[in-house]
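S.K.: next one to model:
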Amino acid sequence: MKLKNNIVFVISLLAILIVILAGIFSSEALDRGSTWLHDEIISNFGWFYLIATFLFLVFSLYMALSRYGHIKLGMDHEKPRFSYFGWASMLFAAGMGIGLIFWGVAEPMSHYMSPPGYIEAGSPEAARFAMLHSFFHWGVHPWAVYIVMSLSIAYFSFRRGMPPLISSCFYPLIGNRIYGFPGYFIDILAVFATVFGIVTSLGLGAMQINSGLASILPFEAGLFSTLVIIGIITAIFMASSVAGLDRGMQIMSKSNIMLAVLLLLFLLLMGPTNMILNVFISTFSDYITALFNISLTTYPFIGLQWTQDWTLFYWAWWISWSPFVGLFIASISRGRTIREFISGALLIPTLLTFVWFSVFGGTALSLELGNGSGIAAAVVQDVSTGLFHLYSFYPFSEFLTLLTVLLLVIFFVTSADAATFVLSLMTSRGKEDPPTSKKIVWGLTVSVAAAILLFAGGLEGLQRMAIAAALPFSAIMLLMCFCLLRGLRYEFRYERNKARTDG
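M.R.: Reported below is the predicted structural model:
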């Protein structure tokens, strides 16, 4: 193994291992350090996350509607690699997955019980606020973040013939230095952000699988059982990762979507159907009309802490996920036009997410407002249990819990599967069939990092590391927008000049 070909692999792995060792030998110091770093970033740069994410949305819409929309992510003759259903399934599984299952009930109930100070907790106004901001946090903004990353990678890799690496996107700015230290530095930051972004999601998933099993089996949910679950599922997703993208990821992603739809339909038909539909229509209307305003609102005079705890965390989380999701989405989107890609990635998962929150969050709020179900109190006590308390009000609750645990396991596997593939690709100089040994190394590293951070600081520790990892990458992504636009303008001028010459 030549060091020159593995600089990104060696340096990024060593940096992450240092964090893991710090968690093993000095978990309190790691917790204190991550707390200090989180507080400094949120206090001084929280506004930057807000502006950057809004600009990513504006840029994505511009690209879809611009003269560049007809350009293919690949050669002009290429066809899409996957069907629309397979493509959309993998988009959803990699982009949202575990987080949506975890927060589908928990987030609306959390906002309902603890809205910003100018809203009365537990009131109908708090319920409306809760649904609007659940849509906001999981709507078009995260997908705009992913689109900036994946569109850039897909264009420079599949259209311009460069390695499928984040550093390749900066060729218009730094030229051939993408193959030297500046490129290595960008890819190392991407690996670091990817690891702690995926670790956060996997930690959430393991906690909820643990809570679900504890609600129907005779054991008490705790840290040890969560770590056991991480260990078992690690073995599963590493086997899937070794099997390959086509055979493993696509089959499980389609299974995910079908299971998720079954749960949606059950609750839609057995739950307060009219209420759910009204919640969807009303919240969708609120979302469309308030989108610009809430995109740039921090509630600085009353509610700033709420914005820091929720919106700014989410924007940082999506940014930290963007290298992983961006590279993965790029790899499954070859052959689609820019307009087709943005339209599909921006609208299909977003609409499914809105339906999910309307069904699960709307049902929970209906029960809470109607008869004080106790779901909100359960979420306050343990945020991972909200969904399973909701099931207790319906028939077949144990079966629904088992089905959800299965869904979580598959989401866990697909997310980790995609992450190990992407991490291996990023640390193999863009080799599209990275070595199995690197997949195994990154699979173990991600799982161990999730376990250590859960041990050191719990859910808050995972969230703090995601926010810290996202800060430098926000600036990189803004530069990426500039580089992509510059590359497209060059191609457009070249094609126009070539047409004139040929004419």
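
S.K.: spit out the contact partners of V446.
M.R.: Contacts here follow Cβ atoms under 8 Å, 6 or more residues apart in numbering; on that basis V446 touches 195, 198-199, 202, 416, 419-420, 423. Using the backbone N, CA and C atoms, a C-beta is placed for each residue, glycine as well.

S.K.: and which of those is nearest A475?
M.R.: Closest approach to A475 among those (Cβ to Cβ): V195, at 19.1 Å.

S.K.: host element of G212?
M.R.: Remark: G212 resides in helix 181-216, with elements defined by DSSP states H and E.

S.K.: okay if I get the contacts of V446 as CSV plus distance to V140 and neighbour count?
M.R.: Rendered in CSV, the data for those read as follows (distance: Cβ to Cβ, whole Å; neighbours: other Cβ atoms under 10 Å):
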residue, distance to V140, neighbour count
V195, 26, 28
I198, 22, 29
V199, 25, 30
L202, 25, 28
A416, 26, 30
A419, 23, 29
T420, 28, 28
L423, 27, 30
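
S.K.: any weak-confidence spans in the stretch 101-250 of the chain?
M.R.: Within the stretch 101-250 of the chain, the ranges that satisfy pLDDT under 70 run 219, 240-250.

S.K.: rerun that using 80 as the cut-off
M.R.: Confidence mapping of the stretch 101-250 of the chain against pLDDT under 80 gives the ranges 193, 196-205, 218-224, 236-250.

S.K.: quick one: the helices in it?
M.R.: For the stretch 101-250 of the chain, helices defined by DSSP state H, counting those that start in this stretch occupy the ranges 124-138, 140-154, 171-174, 181-216, 223-243, 250-270.

S.K.: just say which of those helices is most tucked in.
M.R.: Mean neighbour counts were compared across those using mean count of other Cβ atoms under 10 Å; the top stretch is helix 140-154, at a mean of 27.

S.K.: how far does that one sit from the chain's center?
M.R.: When C-alpha coordinates are averaged (Cα atoms, centre = their mean, to the nearest Å), helix 140-154 and its chain have centres 11 Å apart.

S.K.: who's in contact with stretch 335-350?
M.R.: Contacts made with stretch 335-350 from outside it, assessed by Cβ under 8 Å, 6+ apart, are listed as 60, 63-65, 68-74, 78-81, 84, 87-88, 91-92, 95-96, 138-140, 143-144, 146-147, 150-151, 154-155, 329, 333.

S.K.: may I have that stretch exported as CSV, CA atoms only?
M.R.: Extracted C-alpha coordinates of stretch 335-350, given in CSV (Å, rounded to 0.1, in the frame of the first residue of the first chain):
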residue,chain,number,x,y,z
GLY,A,335,-27.3,9.7,-16.7
ARG,A,336,-30.0,12.1,-15.5
THR,A,337,-30.1,15.8,-16.5
ILE,A,338,-29.5,18.5,-14.0
ARG,A,339,-33.1,19.6,-14.1
GLU,A,340,-34.4,16.1,-13.7
PHE,A,341,-32.0,15.4,-10.9
ILE,A,342,-32.8,18.5,-8.9
SER,A,343,-36.5,18.2,-9.4
GLY,A,344,-36.6,14.6,-8.3
ALA,A,345,-34.2,15.0,-5.3
LEU,A,346,-35.9,18.2,-4.1
LEU,A,347,-39.5,17.1,-4.4
ILE,A,348,-40.0,13.4,-4.1
PRO,A,349,-38.3,12.8,-0.7
THR,A,350,-39.6,16.1,0.6
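
S.K.: give the rounded mean pLDDT of it.
M.R.: This predicted structure assigns stretch 335-350 an average pLDDT of 92.

S.K.: quick one: buried residues of it?
M.R.: 335-342, 344-346, 348-350 (16 or more other Cβ atoms under 10 Å).

S.K.: circling back to that earlier point, the contacts of V446 into a markdown table, with extra columns for distance to M480?
M.R.: What follows is these, written out as a markdown table (distance: Cβ to Cβ, whole Å):
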| residue | distance to M480 |
| --- | --- |
| V195 | 20 |
| I198 | 20 |
| V199 | 23 |
| L202 | 26 |
| A416 | 25 |
| A419 | 20 |
| T420 | 24 |
| L423 | 19 |
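
S.K.: out of those residues, who's nearest S322?
M.R.: Checking these against S322 by Cβ to Cβ gives I198 as the nearest, at 11.4 Å.

S.K.: so what's the closest one up against?
M.R.: For I198, the contacting residues are 321, 324, 415-416, 419, 446, by Cβ under 8 Å, 6+ apart.

S.K.: can I get the residues you listed in CSV with pLDDT and distance to F492?
M.R.: Listed next are the contacts of I198 as CSV, based on pLDDT from 0 to 100; distance: Cβ to Cβ, whole Å:
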residue, pLDDT, distance to F492
W321, 80, 31
F324, 79, 30
S415, 74, 36
A416, 76, 39
A419, 78, 35
V446, 84, 40
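
S.K.: looking at those, which are in helices?
M.R.: 321, 324, 415-416, 419, 446 (DSSP state H).

S.K.: and which of the residues you listed is nearest to S373?
M.R.: Compare each of those with S373 using Cβ to Cβ and the shortest gap goes to S415, at 30.5 Å.

S.K.: give me the distance between that closest one and W306.
M.R.: 28 Å (Cβ to Cβ, to the nearest Å).

S.K.: with that, I have no additional questions.
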